[in-house]
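Q: how would this look folded up:
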Amino acid sequence: MSKIVKKKRRVRPVVTQVTLIGLVLLSIFLLLGATREVLEMLKLKKQADLVTKELKILEEENASLIDQSKKLEDPNYVQTYARGNYMFSKEGEQIFYLPSQAKQQEIKQEEEKNEEQYQLEAETENKDGFEDKKNVENSENSENTENIENTESSE
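A: Residues are numbered from 1 along each chain as shown. Below you'll find the model as predicted:
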């Protein structure tokens, strides 16, 4: 009988070890599944927030378009809108287009650049012209000197 008792004792620890390993593996599997579900839930929550924001923007745009369509039913508003945005005029009326302030500043800056460039070109021409005048005067002086020498030698 002692042999039988020894075998039973060995079987129990093996069964206990297998059961513990099974429980640990089951726990890990369940933990991984729960983690995956939590991550999926967070992802869906972010997506739901984005869709909610987009819905809010679209609702505001829709309200604006509904308001615009109601305004377009009024003939006075249509006339004012067309005159302001599409430069329609009444009979005998002339329209003058004035650029926006940003465009006016851009034009002013461009004019200032052109003025600076013009001044630089004028200064360069004046310097070149001054040097040319010096060269002309020097060549005239040398010609006069040669002429004087020639007249003196011929006398």
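Q: Could you use CA atoms for every contact and neighbour count after this?
A: Fine.
Q: Please determine how far residue 23 is located from residue 35.
A: Per Cα to Cα, to the nearest Å, residue 23 is found 18 Å from residue 35.
Q: which helix is the longest one in the protein?
A: Ranked by residue count, the top helix of the chain under DSSP state H comes out as helix 2-72.
Q: any idea whether the residue nearest the centre of the chain is helix, strand or coil?
A: In the chain, the centroid-proximal residue (Cα atoms, centre = their mean) is residue 102; its distance is 18.6 Å. Look at residue 102: counting by DSSP: H, G, I helix; E, B strand; the rest coil, its state is helix.
Q: re earlier: what's the helix or strand that the longest helix of the chain is followed by packed up against?
A: Per DSSP states H and E, the first helix or strand lying C-terminal to helix 2-72 is helix 75-86. Under the contact criterion of 3 or more Cα pairs under 8 Å, 6 or more residues apart in numbering; DSSP states H and E, helix 75-86 touches helix 2-72.
Q: Repeat the analysis, applying 6 Å as the threshold.
A: Applying 3 or more Cα pairs under 6 Å, 6 or more residues apart in numbering; DSSP states H and E, one finds that helix 75-86 contacts no other helix or strand.
Q: tell me the domain ranges of the protein?
A: Per automatic domain parsing, the domain ranges recorded for the chain read 1-97, 100-155.
Q: hey, least reliable of these by pLDDT?
A: For the domains of the chain, mean pLDDT drops lowest on domain 100-155, to a mean of 68.
Q: Distance check, residue 84 against residue 93.
A: Here the criterion is Cα to Cα. By it, residue 84 lies 14 Å from residue 93.
Q: So for these two, which residue has more residues nearby?
A: Under the neighbour definition other Cα atoms under 10 Å, residue 84 and residue 93 were set side by side, and residue 84 has more, 11 against 8.
Q: circling back to that earlier point, quick one: work out the angle between the longest helix of the chain and helix 75-86.
A: Angular relation of helix 2-72 and helix 75-86 on a 0 to 180 degree scale: 100 degrees, by axes from the mean of the first three to the mean of the last three Cα atoms, to 10 degrees.
Q: That'll do, ta.
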